[in-house]
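S.K.: Whatever this is, show me its structure:
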Amino acid sequence: MARRSYEPLPLKLLIKRSRAGLGLFAGESIAKDSCIIEYVGRRISREEEMKSRSRYLFTVNRNITIDGTDRKNTARYINHSCKPNAEAVIHKNRIYIFAIRSIKEGEEITYDYGKEYFDEYMSNGRCRCDACEAKSK
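M.R.: Okay, the predicted model is just below:
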């Protein structure tokens, strides 16, 4: 089995309007298992996390959270989906986004934010991802 590369590929990624606001889109085809991008930002303590009002917090472990609020963090534009095409992988206290299937040019890049985020920020119980929108029609 080949070793996974944690170096993001030099991919063309586009920030555009999506159903949920702004989203990150593939500007070219992305192969399954490719490292798309790293989620970056200021590392904050658990105490800072509890006081923060940011929606761009990503917990690495019980001591480290990355605050991805800065717009230089292009990965912050990746929206939630109940049927994602990517996943977040934590490796050596860093967060990488990998394609879990082939992603077509023009397709929005998404991953599942998890139950805790869903319960806290989507409290109306309504997900706006493409999969859920298609079910509600």
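S.K.: Centroid-nearest residue for this protein?
M.R.: residue 78 (4.3 Å; C-alpha atoms, centre = their mean).
S.K.: who touches that one in this structure?
M.R.: Contacts for residue 78 (C-beta atoms under 8 Å, 6 or more residues apart in numbering) come out as 23-24, 37, 86, 97, 109-111. C-beta: built from backbone N, CA, C; applies to glycine.
S.K.: ok, 7 Å please
M.R.: Contacts for residue 78 (C-beta atoms under 7 Å, 6 or more residues apart in numbering) come out as 24, 97, 109-111.
S.K.: Output those in a markdown table; the columns should cover pLDDT and distance to residue 90.
M.R.: Putting these into a markdown table (pLDDT from 0 to 100; distance: C-beta to C-beta, whole Å) gives the following:
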| residue | pLDDT | distance to residue 90 |
| --- | --- | --- |
| 24 | 97 | 19 |
| 97 | 97 | 11 |
| 109 | 98 | 18 |
| 110 | 96 | 18 |
| 111 | 95 | 13 |
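S.K.: In strands, which of these appear?
M.R.: Within the contacts of residue 78, residues falling in strands by DSSP state E are 24, 97, 110-111.
S.K.: What about these, which one has the most neighbours?
M.R.: For those, neighbours were counted using other C-beta atoms under 10 Å, and residue 110 has the most, 25 neighbours in all.
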